[in-house]
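> predicted model and sequence follow; I will ask about them next.
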Amino acid sequence: MSNDLRDIEEAAAGGNERARLAIDTFVESVRHYIGAYLAAMNGADVIVFTGGIGENGAAMRKDICRGFEYCGIELDPKRNEVRGQEATVSTDASASGS
């Protein structure tokens, strides 16, 4: 993740409510677009996280994917804790099958 986003996450973890609001707003924006694309494309085979969130953003991935289980998007909590490497973070029961 960029240093800016890491700084915001650290501030939120330290109780900064404006930082928490910024993160919550970002997460809901991403969720909005995922939902819109799921509707427009009648589902998705995979969702790929790249960059800092893909490499180091376990909490962000978890928050973004929250509530999408109904359409087959299920994060495995243990797998999602991976940092710094390419990995599948979904459950075996996810729609992608891996």
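Ah, there it is.
> from now on I want contacts and neighbour counts done on CA atoms only, so please keep to that.
Noted.
> what's stretch 19-32 in contact with?
Ile8, Glu9, Ala11, Ala12, Ala13, Met60, Asp63, Ile64, Cys65 (C-alpha atoms under 8 Å, 6 or more residues apart in numbering).
> hmm, try it at 6 Å
Outside stretch 19-32, the residues within contact range by C-alpha atoms under 6 Å, 6 or more residues apart in numbering are Ile8, Ala11, Ala12, Ile64.
> what residues does the last one make contact with?
Just to be clear, that refers to Ile64. Ile64 neighbours (C-alpha under 6 Å, 6+ apart): Val27, Arg31.
> pLDDT value on the residue nearest the centre of the chain, please?
Nearest residue to the geometric centre of the chain (C-alpha atoms, centre = their mean): Arg61, 2.0 Å. We note a pLDDT of 96 for Arg61 in this prediction.
> just the element for the closest residue to it other than its chain neighbours, please.
Distances taken as C-alpha to C-alpha, 6 or more residues apart in numbering place Ile53 nearest to Arg61, at 6.9 Å, with adjacent residues excluded. Element membership of Ile53 [criterion: DSSP states H and E] is helix 51-56.
> run the chain-centre distance for the helix or strand containing the residue nearest to the centre of the chain.
Arg61 belongs to helix 58-65 when assigned by DSSP H and E. Put simply, helix 58-65 sits 3 Å off its chain's centre (C-alpha atoms, centre = their mean, to the nearest Å).
> sorry, back to before: which of the contacts of stretch 19-32 count as buried?
Ile8, Ala12, Ile64 (16 or more other C-alpha atoms under 10 Å).
> nearest to Phe49 among those residues?
Ile64 (10.3 Å; C-alpha to C-alpha).
> how far away is that closest one from Arg31?
6 Å (C-alpha to C-alpha, to the nearest Å).
> with Gly52 instead?
17 Å.
> between the two, which one's more packed in?
Arg31 (18 against 15; other C-alpha atoms under 10 Å).
> Gly14 versus the more buried one, what's the distance?
From Arg31 to Gly14 the distance is 25 Å (C-alpha to C-alpha).
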